[in-house]
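Chemist: how does the following fold in three dimensions:
(one chain, ligands or ions: 1)
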Amino acid sequence: MKTRTIAEPYKIKMVEPIKMTTREYRVEKIREAGYNTFLLKSEDVYIDLLTDSGTSAMSDWQWSGMMLGDEAYAGSRNFYNLEKAVQEIYGFQYVVPTHQGRAAEHITSQLRIKRGQYVPMNMYFTTTREHVERAGGIFYDCIIDEAHDAQNPHPFKGNVDVRKLQKLVDEKGADAIAYLSIAPCVNMAGGQPFSMANLREVAEWAKRYDLPIIFDATRAVENAYFIQQREPGYANKSVREILREMMSYGEGMTISSKKDNLVNIGGFLATNNEHFFAKAKEMVVVFEGLHTYGGLAGRDMEAIARGIYEMVDDAYIASRVRQVHYLGNRLLNAGIPIVVPIGGHAVFLDAKRFLPHIPQEQFPAQALAAALYVDSGVRAMERGIVSAGRDPKTGENRKPKLELVRLTIPRRVYTNLHMDVVAESCMALYEERDKIRGLRMVYEPESLRFFQARFEEL
Ligand code: PLI
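Modeler: Below you'll find the model as predicted:
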């Protein structure tokens, strides 16, 4: 039987006009922005695939919840709604709201890491590693080798290599490890999930050494969807059930609510560890706000609570990931080099293969993102040598194997015709790829340099 089209499980109630510009205009704007797409004005962008962070369209149920904000300084009813949603959907008892994900990472890192301790992670994420290092911790990459290979089709490239964990314990001892920081749908690997079987294996190993797992649960729902689609034994389970099982292997989580949770701002940490909860509450009042709002308005917490229920709707999450795959498959069919398998939140152009004539020291992914903007007004993000930053010990540039441009799809925002425009722009650039030139960095901030670095064309 021919497969039938499945449309989005929602209709559009409000629209926001976007501006179309000329090529000459964009050439000027990207030069003014130092060839860094983070420094463009949003109003000069046609289709914004910079990030899926804080860019979701909220539902009418979320917006109506915002009118029910209880803006009391202490004990807002919206906090208790958020707490209940986290308990029901993620399964963690104690919740501390924060203004966004990195604030939850800050608190967790400061409280859980002793100077010189290792934090194994399934690949790094920029802000997570930054906070680990600021707390005196040492990032240790424990993801499977396949994740560092853009062309390896492994269905669970987010998996942890338990042998790498064992090696660390054998060499340094279990006391040298603060906790395991495990991320579903690993962002920097291309939005790649881990399998439940792998998570179970990691959890059993961690239990032997009494090491807690703290998830960076930012894109956990997308991971749960991949488990449902790919892992034997899960096809008949709901994404909600699968997410709950995933989280049951951890002691707690941090999250940027700006992704899975379908809101424009917010985050939290959640845990079943009562002592850590008490300490986190002490710290949140110093940096964020009282422990029942943590830097958020009551209305924001209500929107997160409602987003948490909406995100585990099977029809919604299927449609979200299918749109990402629609774009990815169009590029694959045109022979454009992208990371495979296609991830959950983004399609990643493989800049090393797209622009083999530009050496990594000349920032090929940064150059490709700038060229894409000039071609069509589509904004993407570098995820390569610029994002990787410098080694804090040697001061040398880290040279990641993956040199990528991320085309990140906001949730419930664009149609597949927008995806067609993006695909056609990538194809046009690929035909003319020899004309794209490398870049020279002319301004480099000390930390998280990718946000504000400036470049010139060579
Ligand atoms: O942007 P925050 O502070 O709410 O969250 C930080 C953060 C933590 N973990 C992961 C996996 C992320 O992807 C993340 C933020 N990501 C951004 C901003 C992105 O564009 O991917």
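
Chemist: close to the ligand: what parts of the stretch 251-400 of the chain are there?
Modeler: Proximity of the stretch 251-400 of the chain to the ligand, by Cβ under 6 Å from any ligand atom, involves residues 256, 258, 267. From N, CA and C alone the C-beta is placed, and that goes for glycine too.

Chemist: could you list which of those residues belong to helices?
Modeler: Using DSSP state H to define helices, no part of these is located there.

Chemist: cross the residues you listed against strands and list the overlap.
Modeler: Secondary structure defined by DSSP state E assigns 256, 267 of these to strands.

Chemist: filter the residues of the stretch 251-400 of the chain next to the ligand down to the buried ones.
Modeler: Among these, the ones that count as buried by 16 or more other Cβ atoms under 10 Å are 256, 258, 267.

Chemist: and those residues, which is closest to residue 70?
Modeler: Comparing these against residue 70 with Cβ to Cβ places residue 267 closest, at 19.6 Å.

Chemist: can you pull the contacts of that closest one?
Modeler: Neighbour list for residue 267: 97-104, 254-258 [criterion: Cβ atoms under 8 Å, 6 or more residues apart in numbering].

Chemist: the residues you listed into JSON lines, with extra columns for pLDDT and distance to residue 125?
Modeler: Formatted as JSON lines, the contacts of residue 267 follow (pLDDT from 0 to 100; distance: Cβ to Cβ, whole Å):
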{"residue": "97", "pLDDT": "98", "distance to residue 125": "21"}
{"residue": "98", "pLDDT": "98", "distance to residue 125": "16"}
{"residue": "99", "pLDDT": "98", "distance to residue 125": "18"}
{"residue": "100", "pLDDT": "97", "distance to residue 125": "13"}
{"residue": "101", "pLDDT": "98", "distance to residue 125": "9"}
{"residue": "102", "pLDDT": "97", "distance to residue 125": "10"}
{"residue": "103", "pLDDT": "98", "distance to residue 125": "15"}
{"residue": "104", "pLDDT": "98", "distance to residue 125": "13"}
{"residue": "254", "pLDDT": "98", "distance to residue 125": "11"}
{"residue": "255", "pLDDT": "98", "distance to residue 125": "12"}
{"residue": "256", "pLDDT": "98", "distance to residue 125": "10"}
{"residue": "257", "pLDDT": "98", "distance to residue 125": "16"}
{"residue": "258", "pLDDT": "98", "distance to residue 125": "14"}
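
Chemist: spatially, what comes nearest to residue 315 if we skip its sequence neighbours?
Modeler: Distance criterion Cβ to Cβ, 6 or more residues apart in numbering; nearest residue to residue 315, sequence neighbours excluded, is residue 9 at 4.1 Å.

Chemist: right, I mislabeled it, should have said residue 155
Modeler: In space, residue 155 is closest to residue 230, 5.0 Å off (Cβ to Cβ, 6+ apart).

Chemist: all helices of the stretch 251-400 of the chain, in order?
Modeler: Per DSSP state H, counting those that start in this stretch, the stretch 251-400 of the chain carries helices over the ranges 274-287, 298-311, 314-333, 351-354, 364-376, 385-388.

Chemist: for the third one, buried residues please.
Modeler: Pointing back at helix 314-333 there. For helix 314-333, burial by neighbour count (16+ other Cβ under 10 Å) applies to 316-321, 323-328, 330-331.

Chemist: out of those residues, which is nearest to the ligand?
Modeler: residue 324 (13.7 Å; Cβ to the nearest ligand atom).

Chemist: counting neighbours, what do you get for the closest residue to the ligand within the stretch 101-250 of the chain?
Modeler: Across the stretch 101-250 of the chain, the shortest distance to the ligand (Cβ to the nearest ligand atom) belongs to residue 101, at 2.6 Å. Look at residue 101: counted by other Cβ atoms under 10 Å, it has 25 neighbours.

Chemist: who does the single nearest residue of the stretch 151-300 of the chain relative to the ligand form a beta bridge with?
Modeler: At 3.0 Å from the ligand, residue 256 is the closest residue in the stretch 151-300 of the chain, using Cβ to the nearest ligand atom. Beta-bridge partners for residue 256, by DSSP bridges, are residue 267.

Chemist: re the thing from before, closest to residue 377 among the residues of the stretch 251-400 of the chain next to the ligand?
Modeler: residue 258 (23.4 Å).

Chemist: thought the closest one was touching residue 265?
Modeler: Yes - contact criterion Cβ atoms under 8 Å: residue 258 and residue 265 qualify, at 6.5 Å.

Chemist: what touches both of these two?
Modeler: 54, 100.

Chemist: how about the nearest residue to the most centrally placed residue in the chain, chain neighbours excluded?
Modeler: The residue lying closest to the centre of the chain (Cα atoms, centre = their mean) is residue 187, at 4.6 Å. In this structure, residue 187 finds its nearest non-sequential neighbour in residue 125, 5.6 Å apart by Cβ to Cβ, 6+ apart.

Chemist: residue contacts, the one you found?
Modeler: Contacts for residue 125 (Cβ under 8 Å, 6+ apart) come out as 183, 187, 188, 216.

Chemist: can you tell me the closest non-neighbouring residue to the first one?
Modeler: Among residues not flanking residue 183 along the chain, residue 216 sits closest, at 4.2 Å (Cβ to Cβ, 6+ apart).

Chemist: what's opposite that neighbour in the beta bridge?
Modeler: residue 254.

Chemist: of the contacts of residue 267, which is the most crowded?
Modeler: Top of the contacts of residue 267 by neighbour number is residue 257, holding 33 neighbours under the definition other Cβ under 10 Å.
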